[in-house]
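Visitor: sequence first, then the predicted structure, then my questions.
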Amino acid sequence: MSSEKDLQAKFSREDQRREAQHQDEAQPGQRDPMEPRPVSIRPDYRGSGKLEHQVALITGGDSGIGRAVAIHFAREGADVALVYLDEHEDALETARRVEQEGQRCLLLSGDAAQSEFCRSVVEQTVEAFSRLDVLVNNAAQQFPTSDIQDILPSQLEHIFSVNVFAYFYMLQACLPHLGEGSSVINSTSVTAFRGSAHLVDYSATKGAIVAFTRSTAKVLVERGIRVNAVAPGPIWTPLIPATFSAEKVDSFGENTPMGRAGQPAEVAPAYVFLACADSSYITGQVIHPNGGDTME
């Protein structure tokens, strides 16, 4: 079994081999053209039944962090409902990986920024699995812009619809089915805390998610439902080559203290922790897997 030191070296070598690349496809991008492909789970990750008999609904679950969370949850014993936009091939591969872990996977394609779709997703999930225990709000988009004056009202409305409104809609749809011991996990970002000159609107949505997390945690604590968030730093996912230039991709993550981008496999265990009983005394908090960025 690989040691932690070997694992760090392995991920570092993979990032050193990353070539400058860009995808012209629409967001959130495709996994197959990436070089190297993101690592979704460590080969030595051992599940221990932390989510046995539970059902998790994950938005943005086709690839990247969403895929990694789905596979980790499955290895811990959970059935998974995956919500994604239209990346059907990536979603099918994620479902295959979940089923490979011996768990069931339901694929649900559509726009989570539409409240009616969110209600339909939850209804189908409960119909298929007869319960719902964990909600992971993870879907997001970003549009790098060098000048704040270039952010059009249409872009601003769109990014808040996808990155914030969808989180509200999905939680509202899930609440009738969540009970004591349930967990809600929202994906925010390091940019919510340190800002980003090229992702002003995106950073604003991620800051809103932090406030949303802390506020809903206070609302739901009396019902025994915990609400927390994960704020990843630069993580190697399809969203990166789909939104940044090849030059930016080539140096992606190098400004972190660890000097590299992280892998989805290095983020997903934080979601496992927040979903399971190990974090039973934690709510309204944010975990920061960001390569050592202290946000000073």
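Guide: Yep, it's here. Residues are numbered from 1 along each chain as shown.
Visitor: measure residue 121 to residue 276 for me?
Guide: Here residue 121 is placed at a distance of 23 Å from residue 276 (CB to CB, to the nearest Å). Using the backbone N, CA and C atoms, a C-beta is placed for each residue, glycine as well.
Visitor: more neighbours: those two, which one.
Guide: residue 121 (25 against 22; other CB atoms under 10 Å).
Visitor: got the contact list for that one?
Guide: 57, 81, 83, 108, 110, 112, 170, 173 (CB atoms under 8 Å, 6 or more residues apart in numbering).
Visitor: can you lay out those as a markdown table showing secondary structure and distance to residue 37?
Guide: Formatted as a markdown table, these follow (DSSP: H, G, I helix; E, B strand; the rest coil; distance: CB to CB, whole Å):
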| residue | secondary structure | distance to residue 37 |
| --- | --- | --- |
| 57 | strand | 25 |
| 81 | strand | 24 |
| 83 | strand | 22 |
| 108 | strand | 24 |
| 110 | coil | 26 |
| 112 | coil | 25 |
| 170 | helix | 28 |
| 173 | helix | 33 |
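Visitor: where do the helices sit along the protein?
Guide: Taking DSSP state H, the helices of the chain run over residues 4-16, 64-75, 88-100, 115-129, 153-160, 166-174, 191-194, 200-220, 239-243, 246-250, 268-275.
Visitor: so for stretch 51-70, mean pLDDT?
Guide: Across stretch 51-70, the average pLDDT comes to 96.
Visitor: that should have said stretch 193-201, apologies.
Guide: The average pLDDT within stretch 193-201 is 94.
Visitor: alpha carbons of that stretch, in CSV - could you do that?
Guide: The C-alpha trace of stretch 193-201 is given here as CSV (Å, rounded to 0.1, in the frame of the first residue of the first chain):
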residue,chain,number,x,y,z
PHE,A,193,-12.3,33.9,1.2
ARG,A,194,-9.3,35.4,-0.8
GLY,A,195,-11.2,36.8,-3.8
SER,A,196,-10.2,36.6,-7.4
ALA,A,197,-9.6,39.5,-9.8
HIS,A,198,-10.5,37.4,-12.8
LEU,A,199,-13.6,35.6,-11.3
VAL,A,200,-15.4,38.4,-9.5
ASP,A,201,-18.9,37.2,-10.1
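Visitor: hmm, who's touching that stretch?
Guide: Residues outside stretch 193-201 that contact it (CB under 8 Å, 6+ apart): 142-146, 148, 151, 155-156, 159-160, 191, 202-203, 210, 231, 288, 293, 295.
Visitor: same check, this time on stretch 89-108
Guide: With contacts defined as CB under 8 Å, 6+ apart, stretch 89-108 is touched by 30-32, 40, 47, 61-63, 66-67, 70-71, 73-75, 77-84, 109, 121, 124-125, 128-129, 238.
Visitor: mind running it again at 7 Å?
Guide: 30-31, 61-63, 67, 70-71, 74-75, 78-84, 121, 124-125, 128 (CB atoms under 7 Å, 6 or more residues apart in numbering).
Visitor: ok, which of the helices of the chain comes nearest residue 185?
Guide: Nearest to residue 185, of all the helices of the chain, is helix 268-275, at 5.0 Å by CB to CB.
Visitor: contact partners of that closest one?
Guide: With CB under 7 Å, 6+ apart as the test, helix 268-275 has contacts from 41, 50-51, 56, 65, 68-69, 72-73, 76, 134, 136, 183, 185, 228, 230, 279, 287, 289.
Visitor: how distant is that helix from the center of its chain?
Guide: The chain centre lies 11 Å from the centre of helix 268-275; the measure is CA atoms, centre = their mean, to the nearest Å.
Visitor: with stretch 217-232 instead?
Guide: Between the mean C-alpha location of stretch 217-232 and the chain-wide mean there is a distance of 16 Å, by CA atoms, centre = their mean.
Visitor: ditto for stretch 188-197
Guide: Centroid separation for stretch 188-197 versus its chain: 15 Å, with CA atoms, centre = their mean.
Visitor: what of stretch 153-162?
Guide: 19 Å.
Visitor: state the distance from residue 44 to residue 223.
Guide: Counting by CB to CB, the gap from residue 44 to residue 223 is 37 Å.
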